[in-house]
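>>> Build the 3D model from these lines:
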Amino acid sequence: MRCSLVRKCGIEAGVVAYIERATDRLIRDLLRELPALLLVGPRASGKTTTAMRHAATVVRLDHPGEAAAFAADPDAALRGLPEPVLLDEWQATPGVLGAVKRAVDTNSRPGRYLLTGSVHADLEASTWPGTGRLVRVPMFGLSIAELQGRPQARPLIDRLLNGAPIDVPPGTPDLRGYVELALQGGFPQAALALTDRTRRLWLASYVEQLLTRDAQIVDGARDPAKLRRFVEAYASSSAGAVADQTLLDAAGVNRKTAVAYEQLLITLWLVERVPPWTSNRLARLTHMPKRYLTEPALLAGILGVDSGAVVRDGDLLGRVLDTLVAAQLRAQLPIAEATTRLFHVRQEQGRREVDLVLEAGAGKVVAIEVKADSAPRPDAARHLGWLRDRLGDRFIAGLVLHTGPRVFELGDRLIAAPISTLWT
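Numbers count the residues shown, from 1 in each chain. I've put the predicted structure just below:
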């Protein structure tokens, strides 16, 4: 690892060894071809720690002593620094973006700059000259593959598109084990260093700070109490194609307020809307998105539940497992060879629905159902079979991801597999 000048590279805490991230390879590859990258993602997901691994110079712009020169003359301050230069918390000195733009316009050689910082500042058009010059790299919390020391585990979509076998990793969890993995989450500090009770308090504090501090920075006009109720309603509906009115009634807000709140939470990387998948081969599909918390552990922080409470509540159990699967897939999409998007399918009145649909290039489709069942029967794949029959050759595989230990066939291109095959 190369280190120099403003701040030595490495993990500042010096306590927990760095865990290799799947994004590390992507960053290395992109820096060989592109002049500047912007790492984006949830607060406390490890963006700065990872970026420091790839930097020759680290500038912490939230430190007044380091920021002073960049505030006074950012072009001069950047000049001559060993590259790649990491500009952390860049929004604290927004003039640095103009300097990066001018430097890249003058010399677009690869591997010059890495930027990390606020979850919202790059949305402010008045301070954003990065379009076409900074390539955004999404980065989420630690995936289970990363936590288990397999950061280069091949994304599921790539394995299926290339006909690779579906393997079960050693130590595959049971039902309660999956719930515990979900509630452990991927925030590095919470996942690695804390006891269960302290982790729940950390997650509750994380949510509280997002809603009272970060949300106020992004949009100070929001009522924290109403926003909190909206977040609780959203968490209770995670992994559901829930009608807007259901959220409005649960949170006690009007439609205009709910739309603003949801966009705020998306900006903060707290939630995600998975869009409905459409095809002219399918009739009477709903156009409602499926709503998710981006991190399943936040269910513990928002709703105050532990693994025992989740296992005893059938509805919440299904939502936790679905949210866990979506989080693992979301982390794989930026590093997949195949350009892939995540959707869901649902017909009117819920007559048929498929939890998650991965659509890759040329319209190839992998469909997924998530079941809290250790040995699902063929009937569990009936909606996958319906989708297969309508898509024909475009349908690569349908997976019923379950909580048992085995992989077995359920029909033509329909497979039951443990959830853990996501991180093989």
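
>>> What average pLDDT does whichever helix in the chain runs longest get?
The residue-count maximum for a helix in the chain (DSSP state H) belongs to helix 314-332. The pLDDT scores in helix 314-332 average 97.

>>> go on, stretch 153-165?
Computed over stretch 153-165, the average pLDDT equals 93.

>>> low pLDDT regions in the stretch 51-200 of the chain?
118-131 (pLDDT under 70).

>>> all helices for it, in order.
Ranges of helices within the stretch 51-200 of the chain are 64-72, 74-78, 95-106, 144-147, 156-161, 175-184, 188-193, 196-209, based on DSSP state H, counting those that start in this stretch.

>>> The stretch 201-350 of the chain: strands as residue ranges?
For the stretch 201-350 of the chain, the strands defined by DSSP state E, counting those that start in this stretch cover 271-274, 290-293, 341-346.

>>> For the last one, name the packing helices and strands.
For strand 341-346, the helices and strands in contact under the criterion 3 or more C-beta pairs under 8 Å, 6 or more residues apart in numbering; DSSP states H and E are strand 271-274, helix 314-332, strand 353-359. Yep, even glycine has a C-beta here, placed from its N, CA and C like the rest.

>>> rewinding a little: go through the longest helix of the chain and flag the buried ones.
Using 16 or more other C-beta atoms under 10 Å as the burial criterion, the residues of helix 314-332 that qualify are 316-332.

>>> That one: how far from the chain's middle?
Distance, stretch centre to chain centre, for helix 314-332: 12 Å (C-alpha atoms, centre = their mean, to the nearest Å).

>>> same deal with stretch 73-80?
How far stretch 73-80 lies from its chain's middle: 34 Å, per C-alpha atoms, centre = their mean.

>>> Using PDB, list the CA coordinates for it.
Provided in PDB are the C-alpha atoms of stretch 73-80 (Å, rounded to 0.1, in the frame of the first residue of the first chain):
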ATOM      1  CA  ASP A  73      -6.300  28.000  -3.400                       C
ATOM      2  CA  PRO A  74      -7.500  24.500  -4.300                       C
ATOM      3  CA  ASP A  75      -5.700  24.300  -7.600                       C
ATOM      4  CA  ALA A  76      -2.400  25.100  -6.000                       C
ATOM      5  CA  ALA A  77      -3.000  22.700  -3.100                       C
ATOM      6  CA  LEU A  78      -3.700  19.800  -5.500                       C
ATOM      7  CA  ARG A  79      -0.700  20.500  -7.700                       C
ATOM      8  CA  GLY A  80       2.200  18.100  -7.200                       C
END
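
>>> on that earlier part again, go through the strands of the stretch 201-350 of the chain and pick out the most buried.
Mean neighbour counts were compared across the strands of the stretch 201-350 of the chain using mean count of other C-beta atoms under 10 Å; the top stretch is strand 290-293, at a mean of 25.

>>> Check which helices and strands that one is in contact with.
Counting contacts by 3+ C-beta pairs under 8 Å, 6+ apart, strand 290-293 packs against helix 224-236, strand 271-274, helix 314-332.

>>> other SSEs contacting the first one?
In this structure, helix 224-236 makes packing contacts with helix 215-218, helix 244-251, helix 255-267, strand 290-293, helix 298-303, judged by 3+ C-beta pairs under 8 Å, 6+ apart.

>>> Repeat the analysis, applying 7 Å as the threshold.
Using 3 or more C-beta pairs under 7 Å, 6 or more residues apart in numbering; DSSP states H and E as the contact test, the elements touching helix 224-236 are helix 244-251, helix 255-267, helix 298-303.

>>> likewise the second one?
The helices and strands touching strand 271-274, judged by 3+ C-beta pairs under 7 Å, 6+ apart, are helix 255-267, strand 290-293, strand 341-346.

>>> between the longest one and helix 224-236, how many degrees?
To tie it back to what came earlier, the one meant is helix 255-267. Going by axes from the mean of the first three to the mean of the last three C-alpha atoms, to 10 degrees, helix 255-267 is angled at 70 degrees with respect to helix 224-236.
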